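**Student:** kindly return the folded structure for what I paste below:
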Amino acid sequence: MILLIESGSTKTAWRYITQANEAFESFQSAGINPYYQTLEQIRDAQAEVLQKIQRMTLRYVYYFGTGITDESKKDIIQEVFAPVIGNAELSIQNDLIAAGLSLCGKAKGIACILGTGSNSGYFEEGEIEHQIPPLGFWLGDEGSGGHLGKSLVLAYLHHELPADLRTLFTKRFGELDRLTILQHAYKGEFPNRWFASFSKFLFDHRKHPFCYQLIEKSFQSFCELYLLKYPQAASVPIHFTGSVAFYYADILQRVLKANQLRVGIISEGPMAGLTMYYKELHRDLF
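**Tutor:** This is a model prediction of the structure:
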């Protein structure tokens with residue numbers, strides 16, 4: 001009946017809901033990002049899942065994804081799904097809307113994404129009312145996996161890693177030369193995803209003072225450049241979704257509290273909240 005799709009640059013989560021009180025079907029596939037991918041690349045990467053969708057009985061399809069920056073990007077997603085969903089109603093929104101509906105519902109709050117990239121917005125009654133616009137991977141994404149990984153790689157290139165960390169880094173990744181890194185940065189299909197892969201090293205060594213301070217600095221930048229600029233920041237809860245927010249929750253909470261901000265929900269992904277929201281919205285369907 002209802003298909004929920006929530007996509008980041010790294011992975012896409014799918015949930016097929018047929019009955020209000022029965023188990024739903026959940027599965028994952030590669031990430032979708034029309035900002036970096038063409039229509040043909042998305043179709044090829046999602047071919048198996050698109051075949052699966054054709055066998056579903058659908059009334060509503062809700063797609064939420066990163067890279068939905070304008071109508072042309074929505075058009076790409078429309079062309080991906082239109083041939084396989086029959087007469088189902090298709091809604092296409094960016095991933096921040098998914099975060100807001102999942103974390104805030106109808107209540108007031110600031111919803112944030114800290115995954116491969118980062119984003120935030122102030123929500124009321126299920127609608128985004130105000131946003132401090134993000135600047136994307138190259139100019140922004142503070143607090144994200146991409147930003148953390150990029151900061152670590154820059155420290156490596158500038159020979160700023162302490163000797164013990166540099167030894168561990170090269171043991172894990174090998175000796176990375178400048179040209180290899182620049183190739184991934186400027187010629188790679190998903191530079192944000194590639195840099196975000198290095199954030200796992202930071203997580204594994206987050207108790208090392210250098211790593212801890214790098215993570216803390218990235219979260220502090222997110223607070224200063226985005227959260228503290230919301231007029232409502234001091235009066236509403238600040239919610240988070242995304243793998244970085246979830247796995248670095250202890251450090252994230254300390255940074256928010258140091259900035260006198262109220263920590264709300266921290267979830268690994270928005271799908272559970274979206275499921276509750278749309279089950280309630282379409283309760284007459286079941």
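**Student:** tally of neighbours for residue 169?
**Tutor:** Other residues lying near residue 169 total 20 when counted by other Cβ atoms under 10 Å. All C-beta atoms are positioned from the backbone trio N, CA, C, and that covers glycine.
**Student:** what pLDDT does it get?
**Tutor:** As predicted, residue 169 sits at a pLDDT of 93.
**Student:** quick check, it in contact with residue 204.
**Tutor:** No - between residue 169 and residue 204 there is no contact under Cβ atoms under 8 Å: 10.8 Å.
**Student:** so where's the chain uncertain?
**Tutor:** By pLDDT under 70, the weakly predicted segments of the chain are 20-23, 137, 189, 286.
**Student:** the strands in it, which residues?
**Tutor:** 2-7, 11-17, 25-30, 60-65, 89-94, 109-114, 118-124, 127-130, 238-241, 263-267 (DSSP state E).
**Student:** would you list the ones you listed in a markdown table and tack on distance to residue 78 and mean neighbour count?
**Tutor:** Listed next are the strands of the chain as a markdown table, based on distance: least, Cβ to Cβ, whole Å; neighbours: other Cβ atoms under 10 Å:
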| stretch | distance to residue 78 | mean neighbour count |
| --- | --- | --- |
| strand 2-7 | 13 | 24 |
| strand 11-17 | 16 | 19 |
| strand 25-30 | 18 | 14 |
| strand 60-65 | 9 | 23 |
| strand 89-94 | 6 | 16 |
| strand 109-114 | 23 | 27 |
| strand 118-124 | 22 | 25 |
| strand 127-130 | 21 | 14 |
| strand 238-241 | 25 | 27 |
| strand 263-267 | 28 | 18 |
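**Student:** hmm, what's the outermost residue in the chain?
**Tutor:** Computed with Cα atoms, centre = their mean, the residue of the chain farthest from its C-alpha average is residue 163, at 32.6 Å.
**Student:** tell me how far that residue lies from residue 170.
**Tutor:** Distance of residue 163 to residue 170, given as Cβ to Cβ, to the nearest Å: 11 Å.
**Student:** with adjacent residues omitted, what lies nearest to the most centrally placed residue in the chain?
**Tutor:** The centre of the chain sits closest to residue 115, judged by Cα atoms, centre = their mean, with a distance of 4.0 Å. Nearest residue to residue 115, sequence neighbours excluded (Cβ to Cβ, 6 or more residues apart in numbering): residue 242, at 3.4 Å.
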